[in-house]
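> no sequence for this one, just the structure:
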């Protein structure tokens, strides 16, 4: 039986879902000859490590307790069972992780949304550990950090940073290692903006659609976090760097769906929703009309081509995979030597804790050949 | 630098393309720290092995010579250079491969279309080698052989057996290892039949479309090899077994697009093309009309659901990924817990030596963690 020690950073949301998946897949994985041994779990405040991580692990009851505590909005500290684990406050936890990495090769899983994890990921990977990221931040900081991380490319996986569990990164890596040349990637990488663009296409005012999306929980609490395009740009940057383009966020042209004067620093949320948003309706309506007169539709996309990455609204043929997109699915079209006239298309749910955690779990399993 | 010794069975078509890809990707792979060392190449008649396979390999000039000889329709025997390699006639070559496998772990690549390779693949994998298959035969014989082959599942890859280089198998394996439950797979897995079905939809007679497809080189020399549905059924069986369904070809319900009395044993090819085919036009036309009156289209698909695998024409919604399919692209829709209402869709060119060989090469690279 192969043993993969797992340490999880960020145990709310996706992280909790991952722990549940790990528990419910025990038999499945045992049949494949693999056992995931969770030896550490951390949130932003503290970090729990099994008392003897080299031989002990958290049992399933304890893992489910952690999930319960996090779903109740409580801190991990509530969960400390001194018989089972030691607890370390942040940032002492970092030192503990590095110490452990020197004695045990583990898979360090980052389901947080923090940029504070970069250093510990780099250090543990250098010490022989593997990293699995759902967190985009470690991949979107400086090129220098990115290069450091990918010194050992086989030991770093990050499927769930783009399109949640959709096999976008795995497929791109396959295409790249086969020597196929990728000319162009175009994708709708935000379920929220995909939903918004297909609803306004049906004639609904932009402001109404955004407010409805917020009501349905499709947007961040402040929908400007989605409408700014920053999240899509981060995904675009990850894809562009994967293709070998050495660029930073500053190189990406990003179209925000609201003007700067309506930004979070200039206008309170309530004011934006009531007074700001409706002022944007007409412009979007006109653009849709213009696109429609060309037989096209508008989509909020990320385009990577000729070493450039642009993020914003584009007019696209109604009959393309992107043009036909409805609702909150993600779509990625890849044009390459092998997929020249018709692209390789990958489409499906690109958000949600369940599918994001599934992508993380598949990444962990895919590391199994690197563990004894 | 990681070293992966490669032995290729079947060096025409896809196999030749693979050798060319290997040569042209040398720098790319070296940058990733991997070197593919081709130490043996075989066709149906003979088998060439590097004189000292443990340390020597075929150089790029020799590999290109092999490609040239095969594209001229000649046998490998023309290529023997006694300074560089030893030649073994079939079936003595089998024993040589097993001998070598006992001393050297290599990736055995099967780009042949033969069922004769099954035994040597099983034996070499048991001895610690890896196998990469574009050949469907080893995966579609008895369940017993299939089980034997997958005793070491990580050492066997076969992306290019379904949808050529499209990341169908890799994606399914990821979904399965994440514990997601797959309810249903429906796919258009034959570029030829995809082309035929979308052309007849435009009102062209079935017989004309098949003859045009044959003229364009889209079909096998005898188009009944495509129209029988056997090739799609083989792909369906591979997918069904991957999902854990223990079944043989005999369990698959296959709809042939010609009646038995027009089969290769009952009617010569010329007779079929001139007199047989046109008799089938009316039936197809009527079915299309009926489907169209329901707002549907006809597609030749493989459906795996409830432990059953059916292959044949189905009425499908015009607006589904399958319904919108045009030309010779393959499409696979996967419905699972994570992709419940809207499926995960993978679409793109599913045939051609270039993309098939690219899928094989990506499989070989993905084995790198198993090599020292």
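Happy to help now that I have it. Please read all numbers here as calculations on a predicted model, not as lab measurements. Numbers count the residues shown, from 1 in each chain, chains lettered A, B, ... in the order given.

> what does the stretch 151-300 of chain A have sitting close to chain B?
A:153-154, A:159, A:165-167, A:170-171, A:174-175, A:177-180 (CB under 8 Å from any CB of the partner chain). Every C-beta, even on glycine, is put in place using the N, C-alpha and C of the backbone.

> low-confidence ranges, chain A, go.
Scanning chain A for pLDDT under 70 picks out nothing.

> how is it carved up into domains?
A:2-165+A:354-370, A:177-349 (automatic domain parsing).

> just put these in JSON lines and tack on mean neighbour count and distance to residue B:227.
Below are the domains of chain A laid out as JSON lines (neighbours: other CB atoms under 10 Å in any protein chain shown; distance: least, CB to CB, whole Å):
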{"stretch": "domain A:2-165+A:354-370", "mean neighbour count": "19", "distance to residue B:227": "37"}
{"stretch": "domain A:177-349", "mean neighbour count": "18", "distance to residue B:227": "23"}
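
> now do the SS call for residue A:6.
Of the three states, residue A:6 takes strand according to DSSP: H, G, I helix; E, B strand; the rest coil.

> how near is it to residue A:366?
13 Å (CB to CB, to the nearest Å).

> now do residue A:72
Taking CB to CB, one finds residue A:72 at 33 Å from residue A:366.

> and residue A:222, by the same measure?
Residue A:222 is 36 Å from residue A:366, by CB to CB.

> tell me who's in contact with the closest residue to residue A:264 other than its chain neighbours.
Excluding the flanking residues, the one nearest residue A:264 by CB to CB, 6 or more residues apart in numbering or on different chains is residue A:224, at 5.8 Å. Residue A:224 makes contacts with A:258, A:262, A:263, A:264, A:269, A:272, as judged by CB atoms under 8 Å, 6 or more residues apart in numbering or on different chains.

> one more: residue A:298?
A:197, A:200, A:201, A:284, A:287, A:288, A:291, A:313, A:314, A:315, A:316.

> among those residues, which lie within strands?
A:313, A:314, A:315, A:316 (DSSP state E).

> closest to chain B out of these?
residue A:316 (14.9 Å; CB to the nearest CB).

> how far away is the spatially most central residue of chain A from chain B?
For chain A, the residue nearest the mean C-alpha position is residue A:161 (2.7 Å; CA atoms, centre = their mean). With distances taken as CB to the nearest CB, to the nearest Å, residue A:161 is found 15 Å from chain B.

> again with residue A:97
Applying CB to the nearest CB to residue A:97 and chain B gives a distance of 24 Å.

> what's the end-to-end length of stretch A:343-361?
Terminal residues of stretch A:343-361 are spaced 28 Å apart (CA to CA, to the nearest Å).

> TSV for the domains of chain A, including distance to residue B:344?
Shown next, in TSV, are the domains of chain A (distance: least, CB to CB, whole Å):
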stretch	distance to residue B:344
domain A:2-165+A:354-370	9
domain A:177-349	4
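
> with respect to residue B:191, which of the ones you listed lies nearest?
Closest approach to residue B:191 among those (CB to CB): domain A:177-349, 10.8 Å.

> list of residues touching stretch A:332-342?
Stretch A:332-342 has contacts (CB under 8 Å, 6+ apart) with A:163, A:166, A:168, A:171-172, A:175, A:178, A:180-187, A:189, A:320-322, A:343-347, B:165, B:327, B:329, B:348-349, B:352, B:354-355, B:358.

> how does it look with 7 Å?
Residues outside stretch A:332-342 that contact it (CB atoms under 7 Å, 6 or more residues apart in numbering or on different chains) are A:163, A:168, A:175, A:180-187, A:321-322, A:343-346, B:165, B:327, B:329, B:348-349, B:354-355, B:358.

> end to end on that stretch, go ahead and measure it.
13 Å.

> same check on stretch A:160-168?
Terminal residues of stretch A:160-168 lie 9 Å apart, using CA to CA.

> one more: stretch A:336-346?
Stretch A:336-346: ends 14 Å apart by CA to CA.

> same check, this time on stretch A:314-329
End residues of stretch A:314-329 are separated by 17 Å (CA to CA).

> ok now it, how far from the chain's centre?
Here stretch A:314-329 is found 22 Å from its chain centre; the criterion is CA atoms, centre = their mean, to the nearest Å.

> next one: stretch A:259-277
Using CA atoms, centre = their mean, the offset of stretch A:259-277 from its chain centre is 27 Å.

> wait, isn't residue A:6 in contact with residue A:106?
Yes - using CB atoms under 7 Å, residue A:6 is in contact with residue A:106, at 6.4 Å.

> what sits in contact with each of those two?
residue A:39.

> just send the contacts of residue A:224 back as JSON lines, with secondary structure too.
Below are these laid out as JSON lines (three-state DSSP):
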{"residue": "A:258", "secondary structure": "coil"}
{"residue": "A:262", "secondary structure": "helix"}
{"residue": "A:263", "secondary structure": "coil"}
{"residue": "A:264", "secondary structure": "coil"}
{"residue": "A:269", "secondary structure": "helix"}
{"residue": "A:272", "secondary structure": "helix"}
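
> specify which member of the residues you listed is nearest to chain B.
residue A:258 (28.5 Å).

> just the ones in helices from the residues of the stretch 151-300 of chain A next to chain B, please.
Here DSSP state H is the test, and those give A:170, A:171, A:174, A:175, A:177 as lying in helices.

> distance to residue A:27 added to those, as CSV?
Conversion of these to CSV gives the following (distance: CB to CB, whole Å):
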residue, distance to residue A:27
A:170, 25
A:171, 29
A:174, 29
A:175, 34
A:177, 32
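
> between the ones in strands among the contacts of residue A:298, which is nearest residue A:27?
Checking the ones in strands among the contacts of residue A:298 one by one against residue A:27 (CB to CB), the nearest turns out to be residue A:316, at 45.0 Å.
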